[in-house]
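1. Compute the structure for the input listed below.
(2 chains)
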Protein chains: 2
Amino acid sequence: MDNPVLVEVTRGPEVESRHRGAVAVVDADGATVLALGDVECRVFPRSAVKALQALPLVESGIAARFGLTDAEIALACASHSGEPEHAATAAAMLAKVGRDLSCLACGAHWPLGERAGRALARSGEGPSALHNNCSGKHAGFVCLACGLDEDPAGYVDPSHRVQEVVRAALEDLTGASHAEDRRGIDGCSIPTYAVPLPALAFAFAKFGTGAHLSRGCAAAAQRIRGAVARHPFMVAGPDRFDTRVAESLGERAFVKVGAEGVYCAALPALGYGIALKIDDGGTRAAEVAMASLIRRTLPLDGEGLRLVETLAAPVLRNWNRIEVGAIRPTEALA
Amino acid sequence: MDNPVLVEVTRGPEVESRHRGAVAVVDADGATVLALGDVECRVFPRSAVKALQALPLVESGIAARFGLTDAEIALACASHSGEPEHAATAAAMLAKVGRDLSCLACGAHWPLGERAGRALARSGEGPSALHNNCSGKHAGFVCLACGLDEDPAGYVDPSHRVQEVVRAALEDLTGASHAEDRRGIDGCSIPTYAVPLPALAFAFAKFGTGAHLSRGCAAAAQRIRGAVARHPFMVAGPDRFDTRVAESLGERAFVKVGAEGVYCAALPALGYGIALKIDDGGTRAAEVAMASLIRRTLPLDGEGLRLVETLAAPVLRNWNRIEVGAIRPTEALA
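-> Alright, predicted model coming up:
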């Protein structure tokens, strides 16, 4: 099945590029609200499920036992820009369990945020694993290991207790198999499991509402959503989509990007979960598709509406700030 | 018409992302050698035609009159990485016509090359228009204006003599309309005109062979191809596709990337021109498609064959250098 074109990129009078993809919107009872394209095709959620991967840390009481703050919980769900506050917060999480960055197995990379990267270069320093956009998730895994009285060493291995616990949470929320034959290795070296979009959307409907979750898991989900809403900077960074949505919409929308064109969201008031994948992996299109879906489903006004409309139809400007085109949703999303 | 999937991105056992596109391969008589997808759809060639845009500068004798070197001619065809040599060479071109970077209308941006950008940040400097990946093309336009006894001011405007001359060269080589209703504004502020892929491919077949060109234009094309082959670093930069191909294959293949998933090439020994566009604008897929087409058509052995095979099937590694997947051409390109 050919997925529909969801997003177009224009230049002057022409459509210059086209992004296809699939979308699933599911309510808290698991009923399909919207399905576009081949939604049964399995998709690696990548970083879009970091908030779900953080559930065991909170639900177990380990986050509370070590005194993790809201900012630290938000960072555990983040694909952050590598700003100094992000790196410092990851380091603080590790310090709370008596560890340091030598425990992190995510690898080092220059900050995702270009300004943060240049500032780091200007300082004469290079990046450490704390600057890896996944360092908060990994610091959370180290905290989880310590709280479980497990040696954190090898925590990225599928057979480590940390990954067993996280995989069980993902299987529980998605209802989808997380078997070895659906497993890939993520950019930060943890396992990632390919699942159909409706299973991901259903997981986020549960995450946003607490429906079908144990009381403890529902409370953990609420804590995580609140933490991100109170610390939007921690979940991404300056000018980033997820940060801007959290700043503007607070707990009305939880959104999280994943690599390769994946986006997931929870819209608690509607009880909806959303999962989408752009076929070609294009983040610019995933952002426009997600903003369009929020605009289409969530009643908004004022500043929140303006932000979502801006994110759903970005204007493209060149190096001289001349308007050269736009990114826009197609009829399929309208 | 739905374009075929040309390139797949795998992760573990799954295909994670898919890139569709169209390809035209045309011989020096304009006959179709290969057509995949909707080749009649118009495409902005963007930077893929910089070598054609440099033809008037060379053919007119203006490059020779001002003593432009092969390295400078290669830079005029470049989407360079913003390394110090690139910026210095653009400045040298301007100095030869008694101008400086204040003439450049391309806008400033941080170097495309990440290492070059960090080195510039580390030096405490910021980028100038000389670091813009198009600064060589723009310096060439300033030289062309001066050689035509025109004021360079406004040389990016479609009505400036420089753009008239360049547009006439493009219309002549492609045989396609460059009318106002097909005009967009490029990233560097010059006009770009959407044309069908076979017209672009035919232009590169002519550029690679001299067929159907005046003696002066054929000689200019030969000078430009030779300049890039002798100065591969100038046309792109460290580890870049176009530089690696020029280093390895020399004058056997002229390749040039354009923004938004466009690639053009000339294979002089075969008389072929190639033009392709990835629907979604993905450069990673355009590179794999171009390498696959070269491997498929051009007889190669030894180091050249190894390079093209490597470029046609990149291995994807994560931040810990663990192999997580691959990019590969589909059957459509095989």
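2. show me what contacts A:G30?
-> With contact set as Cβ atoms under 8 Å, 6 or more residues apart in numbering or on different chains, A:G30 has these partners: A:F202, A:A205. All C-beta atoms are positioned from the backbone trio N, CA, C, and that covers glycine.
3. what about 7 Å?
-> When contacts are counted by Cβ atoms under 7 Å, 6 or more residues apart in numbering or on different chains, A:G30 touches A:F202.
4. Wait, A:D27 touches A:A201, no?
-> No. Contact criterion Cβ atoms under 7 Å: A:D27 and A:A201 do not qualify, at 9.1 Å.
5. got the contact list for A:T330?
-> A:V5, A:L6, A:V7, A:E8.
6. residues near the last one, how many?
-> Using other Cβ atoms under 10 Å in any protein chain shown, A:E8 is surrounded by 18 other residues.
7. Please settle this for me: is it part of a strand?
-> Yes. The assignment for A:E8 (DSSP: H, G, I helix; E, B strand; the rest coil) places it in a strand.
8. who's it bridged to?
-> Counting by DSSP bridges, A:E8 is bridged to A:R18, A:R328.
9. hey, where'd the helices end up in the stretch 51-200 of chain A?
-> A:55-59, A:62-65, A:70-76, A:84-96, A:114-122, A:135-147, A:161-174, A:197-209 (DSSP state H, counting those that start in this stretch).
10. From A:G281, how far out is the closest residue to A:A312 other than its chain neighbours?
-> Leaving aside its chain neighbours, A:A312 sits nearest to A:A291 (3.8 Å; criterion: Cβ to Cβ, 6 or more residues apart in numbering or on different chains). Counting by Cβ to Cβ, to the nearest Å, the gap from A:A291 to A:G281 is 18 Å.
11. what do you get for A:V97?
-> According to Cβ to Cβ, A:V97 and A:G281 sit 35 Å apart.
12. Tell me which of these two has more neighbours.
-> A side-by-side neighbour count of A:V97 and A:G281, using other Cβ under 10 Å, places A:G281 first with 24 against 20.
13. Helix, strand, or coil at the more buried one?
-> The three-state label given to A:G281 by three-state DSSP is coil.
14. what's near enough to touch it?
-> A:G281 touches A:E260, A:G261, B:V9, B:S17, counting by Cβ under 7 Å, 6+ apart.
15. Can you lay out these as CSV showing pLDDT?
-> Formatted as CSV, the contacts of A:G281 follow (pLDDT from 0 to 100):
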residue, pLDDT
A:E260, 98
A:G261, 98
B:V9, 98
B:S17, 98
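16. and the stretch 151-300 of chain A, which of its residues are near chain B?
-> A:181, A:183-185, A:187-189, A:194, A:260-261, A:279-282 (Cβ under 7 Å from any Cβ of the partner chain).
17. now the strands for chain A?
-> Here chain A has its strands, by DSSP state E, at A:5-11, A:14-26, A:32-36, A:42-43, A:183-185, A:191-193, A:195-196, A:254-258, A:262-267, A:272-278, A:315-317, A:323-329.
18. Low-confidence regions, chain A specifically.
-> Applying pLDDT under 70 to chain A flags no residue at all.
19. residue in the stretch 201-334 of chain A nearest to chain B?
-> Proximity of the stretch 201-334 of chain A to chain B (Cβ to the nearest Cβ) peaks at A:W319, 2.9 Å away.
20. With adjacent residues omitted, what lies nearest to that residue?
-> B:G107 (2.9 Å).
21. need the residues of the stretch 1-150 of chain A near chain B, please.
-> A:2, A:9, A:11-14, A:16-19, A:42, A:44, A:106-109, A:117-118, A:121-122, A:124, A:132.
22. Buried among these? Need that as a selection in ChimeraX.
-> Restricted to buried positions by 16 or more other Cβ atoms under 10 Å in any protein chain shown, the ChimeraX selection for these reads:
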select /A:9,11,12,14,16,17,18,19,42,44,106,107,108,109,117,118,121,132
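23. quick revisit: from the strands of chain A, which stretch is densest packed?
-> Most buried of the strands of chain A by mean neighbour count (mean count of other Cβ atoms under 10 Å in any protein chain shown) is strand A:272-278; its value is a mean of 30.
24. packing partners for that one?
-> Packed against strand A:272-278 by the contact rule (3 or more Cβ pairs under 7 Å, 6 or more residues apart in numbering or on different chains; DSSP states H and E) you find strand A:14-26, helix A:197-209, strand A:262-267, helix A:283-297.
25. and the angle for the second one with strand A:262-267?
-> Relative orientation of helix A:197-209 and strand A:262-267, computed by axes from the mean of the first three to the mean of the last three Cα atoms, to 10 degrees: 40 degrees.
26. Can you check what angle separates helix A:197-209 from strand A:32-36?
-> Using the same axes, to 10 degrees: helix A:197-209 against strand A:32-36 is 140 degrees.
27. ok now helix A:197-209, how far from the chain's centre?
-> 13 Å (Cα atoms, centre = their mean, to the nearest Å).
28. Which secondary structure elements does that helix sit against?
-> Using 3+ Cβ pairs under 7 Å, 6+ apart, helix A:197-209 sits against strand A:14-26, helix A:50-53, helix A:161-174, strand A:262-267, strand A:272-278.
29. Apply 6 Å and report the result again.
-> Contacts defined by 3 or more Cβ pairs under 6 Å, 6 or more residues apart in numbering or on different chains; DSSP states H and E place helix A:197-209 against strand A:14-26, helix A:161-174, strand A:262-267, strand A:272-278.
30. Out of those, flag the one nearest B:I274.
-> Nearest of the helices and strands packed on helix A:197-209 to B:I274, taken as Cβ to Cβ: strand A:14-26 at 19.5 Å.
31. Show me what the closest one is in contact with.
-> By Cβ atoms under 6 Å, 6 or more residues apart in numbering or on different chains, the surrounding residues in contact with strand A:14-26 are A:3, A:5-9, A:32-39, A:197-198, A:201-202, A:205, A:272-279, A:282, A:285, B:44, B:194, B:260, B:279-281.
32. Serialize the helices and strands packed on strand A:272-278 to CSV and add fields for distance to B:L57.
-> Shown next, in CSV, are those (distance: least, Cβ to Cβ, whole Å):
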stretch, distance to B:L57
strand A:14-26, 27
helix A:197-209, 52
strand A:262-267, 46
helix A:283-297, 35
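33. Fine, thanks again, bye for now.
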